[in-house]
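1. have a look; sequence and predicted model below, questions after that.
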Amino acid sequence: MDDNSSSVASESEPPTSDNNLTIVGDGVASDEESNASEENASSTEDAATEKENEGDTLKESIGGDSGGLGIQRLVEVKDSAITVSASYSTRYYYSSNPEKVKVPTKKDITLWENGLSVNIGLGQLALMDRLVTPSLMAMHMRIWTDPGKDYGNYFRLFDVDSQSATLSFNVELFEGWSMNLGYGKSRAIDFRNDKVSVYTDTPTLAFSKMIPFGDADMLMINLGTAYNFNKATAEVNIPALDLLIPSDGSDSWGTNLNVNYMMPWEGIEKLSLSPSFGLSHSYYTNETAKPIASKGRQDWTLNYGLNATYQLTETIGIQAFGMYSKKTFNSYALDSLGLRATEYKNFDAGLSISASYNF
């Protein structure tokens, strides 16, 4: 398929005229009548030919053959090329509160995360004068908690694999805004016992904007919402699952706002700083949990962060980061569900290395 091919556009074919002679008396037309008939026939042929040429010109300008459906041009393929890229990241970091509780009994440990993702770009489409970019992303991540075994095997149950696949459609809007529609499937796995602890289906909607400041600074704003359809596996009870969703596997509606400001470090071309702010809200909808339903529970998580990234090459970068987070609940979660002990404050800091490759 041509990279600039368009959707089928059609126009009904113009009607043609039959040139019939008028029969008079014994079947022979008079000279005047014959001349009039010939002139009328010639005029009709010229008009039909002109109309056909106009139709051909119109069809050539918009593409496609006639199909009796009128002119159609709702979708145009701007770029049919499929692109594939892969990225790998590893990060080793300190956490002040790995249990994510109000009064941690185990603290000051390290974690090691490794993630591999593949992104497939599915070309570009023009839909009603908007540029649409569909893509498919698959990711696998593994987390080792306390790899140095400062607390023996206590944190083995916090180790988890996370796998996900997401189909998304990015739509350019106006004044630098874009909209992303997506649908993802994910699962968390107790990889030591090869058991899935939770399945999640997630439709998402997000709006984002990039605002340039000066020659190189950039402000990025992202506002998104998602509904998580969770299905927990009862026979798998690991603390890592409790950090992801409630123990009853309640579905939830999540909304988040993230703001990042990127600025180059003056005097060092490949070094950039990025302070960030994030606020997320979750509302739980399970009405059937025992003994008390989670519906009505609300969580808020506040994040402040600072990243420093040094781009070694076009494909490899090193990042130092720090993040402070605080989680709070509404009165229903604190009093009725007894979650007061799971409010927390936490600080993470560490280093990461990432690499990407375009096929």
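-> It's in.
2. who does S325 form a beta bridge with?
-> Listed beta-bridge partners, S325: N303, N346 (assigned using DSSP bridges).
3. what's the burial count for it?
-> S325 sits with 18 neighbouring residues when counted by other CB atoms under 10 Å. Glycine gets a C-beta too; all of them are placed from N, C-alpha and C.
4. hang on, isn't it packed against A349?
-> No: judged on CB atoms under 8 Å, S325 makes no contact with A349 at a distance of 11.9 Å.
5. ok, and what's touching stretch 217-227?
-> With contact meaning CB atoms under 8 Å, 6 or more residues apart in numbering, stretch 217-227 is reached by 180, 202-213, 251-264.
6. hmm, which of these are the buried ones?
-> Buried members of the contacts of stretch 217-227, counted by 16 or more other CB atoms under 10 Å: 180, 202, 204, 206, 208, 251-252, 254, 256, 258, 260, 262, 264.
7. which ones among these lie within strands?
-> Secondary structure from DSSP state E places 180, 202, 204, 206, 208, 252, 254, 256, 258, 260, 262, 264 of those in strands.
8. mind saving the C-alpha coords of stretch 292-301 as PDB?
-> Backbone C-alpha positions of stretch 292-301 (Å, rounded to 0.1, in the frame of the first residue of the first chain) are rendered in PDB as follows:
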ATOM      1  CA  ILE A 292     -17.600  -4.800  54.500                       C
ATOM      2  CA  ALA A 293     -17.900  -3.600  50.900                       C
ATOM      3  CA  SER A 294     -15.100  -1.300  49.600                       C
ATOM      4  CA  LYS A 295     -17.500   0.900  47.700                       C
ATOM      5  CA  GLY A 296     -17.100   4.400  49.000                       C
ATOM      6  CA  ARG A 297     -13.400   4.100  49.800                       C
ATOM      7  CA  GLN A 298     -11.300   6.900  48.400                       C
ATOM      8  CA  ASP A 299      -7.500   7.200  48.300                       C
ATOM      9  CA  TRP A 300      -5.300  10.200  47.500                       C
ATOM     10  CA  THR A 301      -1.600   9.900  46.600                       C
END
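9. how much space between the nearest residue to F191 once chain neighbours are set aside and N119?
-> Computed as CB to CB, 6 or more residues apart in numbering, the closest residue to F191 that is not its neighbour in sequence is D161, at 4.4 Å. Counting by CB to CB, to the nearest Å, the gap from D161 to N119 is 20 Å.
10. related to what we said a few turns ago, of all the ones in strands among the buried ones among the contacts of stretch 217-227, which comes closest to S356?
-> M262 (17.4 Å; CB to CB).
11. ok, that closest one touching P275?
-> No: counting by CB under 8 Å, M262 stays clear of P275, with 9.1 Å between them.
12. would you mark the buried spots in stretch 117-131?
-> Across stretch 117-131, burial judged by 16+ other CB under 10 Å covers 117, 119-126.
13. ok, stretch 308-328 next?
-> 309, 317, 319, 321, 323, 325, 327.
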